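Student: coordinates for the following, if possible.
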Amino acid sequence: MTPATRDNAAAAPALLAFFAFNFIVGGRVFPNSVFVKTHVGQNLAPGVWEMVREWAPLWGLGMRSRDFPTHSLVLLPTMIAGALLMSRRFPAIGAFALGLPLALALSGATGGSHGRYLMPAIPFGVLLAVEGMDIVSQRLPRRWRRTGLATLAGLALAWQIGALERMGKLHGWNVENINHMQRFLAGTMRENASPGDTIAVNDVGAMGYFSGCYVVDLVGLVSPRRSLPENLRTYHPKYLVIFPSWYRSYLVVDPGAKHSKIYDPDSTCKYLPVAGAGLRFNTICSRDQMFVFARFPPQAEEPEKVSMIWH
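Tutor: Model (predicted):
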């Protein structure tokens, strides 16, 4: 049995279990998020280039002003060397570490905020880099081998000190952003909605966990993928908690109106903004402002003021 055959045989049970779970739970072999976040065949060349720019900072090569290299640049050439050297013994390691970004790009996906969809490849890349460092050190004269390997490893670890400090601060801001926007508005829903009320959101994570309501995911990650009018007609949510700019084509601004509104498809009700949360320093959320739209009868007067909380 060849190494490639052994790798495939070892991976097969895990993959089959993954696909079986998805099919049993959702009726498809892939989760809904795969179909929502991939766009096969669209903007192929720009997508591949963008993925390169997202992948490179993971290995010390920042390509944009907002990038900060996560790992030492030492790891990039040693990782490539390790992948070549291990290609016969353990081809799956190199294929995954280097192929995951390419697979995402070809499927029309992105690396996610701060490259989080690429992070599963990091441990495998580090394994390849260690192998590459070992081989490089063996090519040195005998008296320099230990010193050379220690120097390479030391440079890689020293790099992490600055990177971990920046990542720690960024993570702190990310958590604070989510708490001050999604979790804050989820708590507002918990306090104002009744048991069994339905809310429709475009950011389902914290909202679904902390609101205590039946949640419809307007994006389609955990709910059937439908247009906004279809979701309104199907679920008649009591509240919408959304980034309004995502639904600009459905916003209606009447002459003399104080606020924009959204009508349900049958014009039996309308949704008006009643509260919102804003971020002065946003590091993770897709927009700086999120609003709660409440359901009202068509003839209802608009609220004089929308309560907006800024953090």
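Student: how many residues are close by Leu170?
Tutor: Counted by other Cβ atoms under 10 Å, the residues lying close to Leu170 total 14. Using the backbone N, CA and C atoms, a C-beta is placed for each residue, glycine as well.
Student: which of the three states applies to it?
Tutor: Here Leu170 is recorded as helix under DSSP: H, G, I helix; E, B strand; the rest coil.
Student: what's the distance between it and Val222?
Tutor: For Leu170, the distance to Val222 (Cβ to Cβ, to the nearest Å) stands at 27 Å.
Student: list the contacts for Met119?
Tutor: Leu58 (Cβ atoms under 8 Å, 6 or more residues apart in numbering).
Student: low-confidence ranges, the stretch 201-311 of the chain, go.
Tutor: In the predicted model of the stretch 201-311 of the chain, residues 256-257 satisfy pLDDT under 70.
Student: show me where it has its strands.
Tutor: Secondary structure of the stretch 201-311 of the chain, counting by DSSP state E, counting those that start in this stretch: strands at 214-217, 239-242, 262-263, 270-278, 289-296, 307-310.
Student: just send those strands back as CSV, with distance to Glu131 too.
Tutor: Shown next, in CSV, are those (distance: least, Cβ to Cβ, whole Å):
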stretch, distance to Glu131
strand 214-217, 42
strand 239-242, 48
strand 262-263, 56
strand 270-278, 48
strand 289-296, 46
strand 307-310, 50
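Student: most packed of these?
Tutor: Greatest average neighbour count among these goes to strand 239-242 (a mean of 25), per mean count of other Cβ atoms under 10 Å.
Student: contacts for that strand, please.
Tutor: Contacts of strand 239-242 (Cβ under 8 Å, 6+ apart): 185-186, 189, 193, 197, 199-203, 207, 218, 262, 271, 290-295.
Student: strand partners (parallel or antiparallel) of that strand?
Tutor: strand 198-201 (parallel), strand 289-296 (antiparallel) (DSSP bridges).
Student: can you put those strands in a markdown table and add distance to Leu127?
Tutor: Listed next are the strands paired with strand 239-242 as a markdown table, based on distance: least, Cβ to Cβ, whole Å:
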| stretch | distance to Leu127 |
| --- | --- |
| strand 198-201 | 39 |
| strand 289-296 | 41 |
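Student: for Asn174, find the nearest of those strands.
Tutor: Within the strands paired with strand 239-242, the stretch nearest Asn174 is strand 289-296; the backing value is 15.4 Å (Cβ to Cβ).
Student: and the angle from the closest one to strand 270-278?
Tutor: 150 degrees (axes from the mean of the first three to the mean of the last three Cα atoms, to 10 degrees).
Student: which residues sit against strand 289-296?
Tutor: Residues outside strand 289-296 that contact it (Cβ under 8 Å, 6+ apart) are 181-182, 185, 188-189, 203, 236-244, 261-262, 264, 269-279, 306, 308.
Student: if you set the cut-off to 7 Å instead, what comes out?
Tutor: Strand 289-296 is contacted by residues 181, 185, 188, 238-244, 262, 269-278 when judged by Cβ atoms under 7 Å, 6 or more residues apart in numbering.
Student: tally of neighbours for Met189?
Tutor: For Met189, the count of nearby residues is 22 (other Cβ under 10 Å).
Student: same thing with Arg89?
Tutor: Look at Arg89: counted by other Cβ under 10 Å, it has 10 neighbours.
Student: quick one: secondary structure of it?
Tutor: Assignment for Arg89 (three-state DSSP): coil.
Student: next, work out how far apart it and Glu131 are.
Tutor: Going from Arg89 to Glu131 by Cβ to Cβ gives 10 Å.
Student: correct me, but Tyr263 touches Leu272?
Tutor: No - proximity of Tyr263 to Leu272 does not meet the contact threshold set by Cβ atoms under 7 Å, at 10.5 Å.
Student: all the helices of the stretch 1-150 of the chain, residue numbers only.
Tutor: Here the stretch 1-150 of the chain has its helices, by DSSP state H, counting those that start in this stretch, at 3-26, 32-37, 44-55, 75-85, 91-106, 122-138, 142-178.
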